[in-house]
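Participant: Here is my input; please provide its structure:
(2 chains)
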Amino acid sequence: EPEVTQTPSHQVTQMGQEVILRCVPISNHLYFYWYRQILGQKVEFLVSFYNNEISEKSEIFDDQFSVERPDGSNFTLKIRSTKLEDSAMYFCASSVQGNEQYFGPGTRLTVT
Amino acid sequence: EDQVTQSPEALRLQEGESSSLNCSYTVSGLRGLFWYRQDPGKGPEFLFTLYSAGEEKEKERLKATLTKKESFLHITAPKPEDSATYLCAVQARAGKSTFGDGTTLTVKP
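Facilitator: Numbering: from 1, shown residues only, chains lettered A, B, ... in the order given. Here you go, the predicted structure:
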C-alpha cells in the first residue's frame, strides 16, 4: 500500500540554524501539506500546496518558513533561523482531491 | 474561525464495553469532517470522511456519524488494540484542516 515517507525521522539542530525537512508524498496525489504537533498539543496546520504553489497557509507559517517541490516526487519544508519553540513533530500529508489526507510518520525536530 | 472540541479528553474502557466519542464543531461551510487515529509517536492514520448531516460510515468496530453540529465515533466491543488517540478535524476549504485535541482511548483486557 502506498504511503507518505519523511526524512529524517529525528533532526537535532542548534538555535539559529536552518533545517530542511523532506517528504515523499503518495505518487498520484496532487495536494500536499505540512502540519506540526508540539508535544502534548493538537495537530496544527501550517501550509497546503497545490499546482506548484501555496494554496493556504496559517498564521504560524511566516517568513521563517518556506516550502518547495523541487522535483516530481519530493516536497520540502525549510525552517530558517530555528527557535527553541520550533521544536515539534512535523508531519507531511498528501491528498488526491484536497479532502482526506494521508499522513507520514513525522520528523521530530529538536532545537537546542 | 473554525473550532473543534472533542470530549471526553480521556476514556478508559474494559474490553467489550461499547462507548462513543464526541466531536463538536463550528465551521463556515463544512467541506468535510475527518476522523483519524494516532498512536504515540506516529502520524495520524485516516479513518473516515463525512460530508453531510445524516451520513454514517463504518469500519470494523468503529462507526462515525454526523449532524450539523457534531460527530460521534461509536466503538462497539472494543479490544486493547483499539487503544489510541482519536482525532477529529474539519475542513472548510481545500487545504486547511482544523484539528481537535483528541480523545485518548485506553481499552483494558
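Participant: contacts, neighbours, all on C-alpha from now
Facilitator: OK.
Participant: for the chain, what spans make up the strands?
Facilitator: No chain was given, so I picked chain A. Remark: strands assigned in chain A by DSSP state E are A:5-7, A:10-13, A:19-24, A:31-37, A:44-50, A:53-57, A:65-68, A:75-79, A:88-95, A:102-103, A:107-111.
Participant: nope, chain B
Facilitator: Using DSSP E, strands in chain B cover B:3-7, B:10-14, B:19-26, B:32-38, B:45-50, B:56-59, B:62-66, B:70-75, B:84-93, B:96-99, B:103-108.
Participant: now the third one, how far from the chain's geometric center?
Facilitator: Distance, stretch centre to chain centre, for strand B:19-26: 7 Å (C-alpha atoms, centre = their mean, to the nearest Å).
Participant: one step back: could the strands of chain A go into a markdown table alongside distance to B:Y86 and mean neighbour count?
Facilitator: Converted to a markdown table, the strands of chain A look like this (distance: least, C-alpha to C-alpha, whole Å; neighbours: other C-alpha atoms under 10 Å in any protein chain shown):
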| stretch | distance to B:Y86 | mean neighbour count |
| --- | --- | --- |
| strand A:5-7 | 22 | 21 |
| strand A:10-13 | 24 | 14 |
| strand A:19-24 | 24 | 22 |
| strand A:31-37 | 15 | 25 |
| strand A:44-50 | 15 | 22 |
| strand A:53-57 | 25 | 16 |
| strand A:65-68 | 28 | 18 |
| strand A:75-79 | 26 | 20 |
| strand A:88-95 | 17 | 26 |
| strand A:102-103 | 14 | 26 |
| strand A:107-111 | 20 | 22 |
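Participant: of all these, which lies closest to B:P78?
Facilitator: strand A:102-103 (24.3 Å; C-alpha to C-alpha).
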